[in-house]
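Asker: Everything below, folded, please.
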Amino acid sequence: MQNSINWPEGYLPGLTDNYCSNEVIVKGLTIEEVWPYLNNPFAWPKYYANSSDIEFENNGGPEFTSDSRFRFKTFGFPIEAEITEFVPPADGNPARISWHGWAEGDEETRLDVIHAWLIEDLDGDRVRILTQESQIGKPARELAAQKPNPMINGHQDWLEGLIKAAQTKLEI
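Answerer: Residues are numbered from 1 along each chain as shown. Just a heads-up that it's a prediction; the model follows:
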């Protein structure tokens, strides 16, 4: 039985304005090999072109902790974010990281999201990486109506870049 994302109240998929889910299962990688490239947001722009301008608040970083607050740009939005779930890989259990992110604004421009990741080792020398995002706000409704879906495509690029970074041991 595979694990699933833990959703905070108010962000349950199907009850928000937009939701996307992307998943890969790859042979020959482990949680421990993938985790550093996700847990250090300064690595993201090296393998995912849709992220930039990463900053931590209060001299945090370069890696996330359970109480990290940070900001970055993605999909054209300046995002403020705070970690809502942080479970590094340990004892064969899945790694989990989620953040509440938001773009400030009024009813027309405010965007609220939970972006969640789950990484788990599977039998047969495989790793599963699941990323899902649930969004609230008018920009989320507009993104949901676009074809092809920019969130699905963008997050697939993120997953593929993450895998390649781990496989090639990209320097962080």
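
Asker: buried residues in the top helix by length along the chain?
Answerer: When the chain is parsed with DSSP state H, its longest helix is helix 150-168. Neighbour-count burial for helix 150-168, counted by 16 or more other CB atoms under 10 Å, picks out 150, 151, 154, 155, 156, 158, 159, 161, 162, 163, 165, 166. In short, each C-beta sits where N, CA and C put it, glycine included.

Asker: Can you name every helix or strand that it contacts?
Answerer: Packing partners of helix 150-168 (3 or more CB pairs under 8 Å, 6 or more residues apart in numbering; DSSP states H and E): strand 18-27, helix 31-39, helix 44-47, strand 126-136.

Asker: The helix or strand following the longest one packs against which elements?
Answerer: Scanning forward in sequence from strand 126-136, with DSSP states H and E defining helices and strands, the next element found is helix 138-145. Using 3+ CB pairs under 8 Å, 6+ apart, the elements in contact with helix 138-145 are strand 18-27, strand 111-122.

Asker: which residues sit in contact with residue 93?
Answerer: Applying CB atoms under 8 Å, 6 or more residues apart in numbering to residue 93 gives the contacts residue 87.

Asker: so who does the residue of the chain most remote from its centre touch?
Answerer: For the chain, the residue at maximal distance from the C-alpha centroid (CA atoms, centre = their mean) is residue 124, at 25.3 Å. With contact taken as CB under 8 Å, 6+ apart, residue 124 is in contact with residue 27.

Asker: What angle do strand 18-27 and the longest helix of the chain make with each other?
Answerer: With axes from the mean of the first three to the mean of the last three CA atoms, to 10 degrees applied, the angle from helix 150-168 to strand 18-27 works out at 20 degrees.

Asker: what comes into contact with helix 150-168?
Answerer: Contacts with helix 150-168, where a contact means CB under 8 Å, 6+ apart, come from 18, 20, 22-24, 26, 28-29, 33-34, 37-38, 43-44, 46-51, 74-75, 129, 131, 133, 135, 143, 170.

Asker: Type out the ChimeraX command that picks the buried ones from those residues.
Answerer: The ChimeraX selection below is limited to those of the contacts of helix 150-168 classed as buried (16+ other CB under 10 Å):
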select :18,20,22,26,29,33,34,37,38,43,44,47,48,50,51,74,129,131,133,135,143
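
Asker: Kindly reformat the buried residues of helix 150-168 as JSON lines and extend each row with pLDDT.
Answerer: Converted to JSON lines, the buried residues of helix 150-168 look like this (pLDDT from 0 to 100):
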{"residue": "150", "pLDDT": "94"}
{"residue": "151", "pLDDT": "94"}
{"residue": "154", "pLDDT": "96"}
{"residue": "155", "pLDDT": "97"}
{"residue": "156", "pLDDT": "98"}
{"residue": "158", "pLDDT": "98"}
{"residue": "159", "pLDDT": "98"}
{"residue": "161", "pLDDT": "98"}
{"residue": "162", "pLDDT": "98"}
{"residue": "163", "pLDDT": "98"}
{"residue": "165", "pLDDT": "98"}
{"residue": "166", "pLDDT": "98"}
